[in-house]
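Trainee: no sequence for this one, just the structure:
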């Protein structure tokens, strides 16, 4: 059986692939309307490392705009 972390990470991976704004807004409402426990979520070592790397990238100015990312993705997809 999958652990909570695996399930959550699987959901996040799938969410990252959704580009339909209406669908995402509906999911956001669903999440906002659900009752959440005040449970503290513990991050894995890997998640902490990824967050720290992301923060370092932000501090170092290693960012690209969404439109640049979209163009890069389209180029990559056309090469498949």
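Mentor: On my side now, so go ahead. In this text the structure is predicted, and so the values were computed from the model without any measurement. Numbers count the residues shown, from 1 in each chain.
Trainee: next one: residue 76 from residue 69, what distance?
Mentor: Distance, residue 76 to residue 69, using C-beta to C-beta, to the nearest Å: 10 Å. Using the backbone N, CA and C atoms, a C-beta is placed for each residue, glycine as well.
Trainee: same check on residue 55?
Mentor: 19 Å.
Trainee: same question, residue 17
Mentor: For residue 17 relative to residue 69 (C-beta to C-beta), the value is 14 Å.
Trainee: more neighbours: those two, which one.
Mentor: residue 69 (11 against 6; other C-beta atoms under 10 Å).
Trainee: which element is that one on?
Mentor: helix 66-79 (DSSP states H and E).
Trainee: who touches that helix?
Mentor: Residues outside helix 66-79 that contact it (C-beta atoms under 8 Å, 6 or more residues apart in numbering) are residue 64.
Trainee: what mean pLDDT would you report for it?
Mentor: Confidence for helix 66-79, expressed as mean pLDDT, is 93.
Trainee: where does pLDDT dip in the chain?
Mentor: Filtered on pLDDT under 70, the chain yields the residue ranges 1, 35-39.
Trainee: try 80
Mentor: Scanning the chain for pLDDT under 80 picks out 1-2, 34-40.
Trainee: how much space separates the residue of it positioned farthest from its centre from residue 65?
Mentor: Most distant from the centre of the chain: residue 79, at 24.5 Å, with distances by C-alpha atoms, centre = their mean. Residue 79 sits 21 Å away from residue 65, going by C-beta to C-beta.
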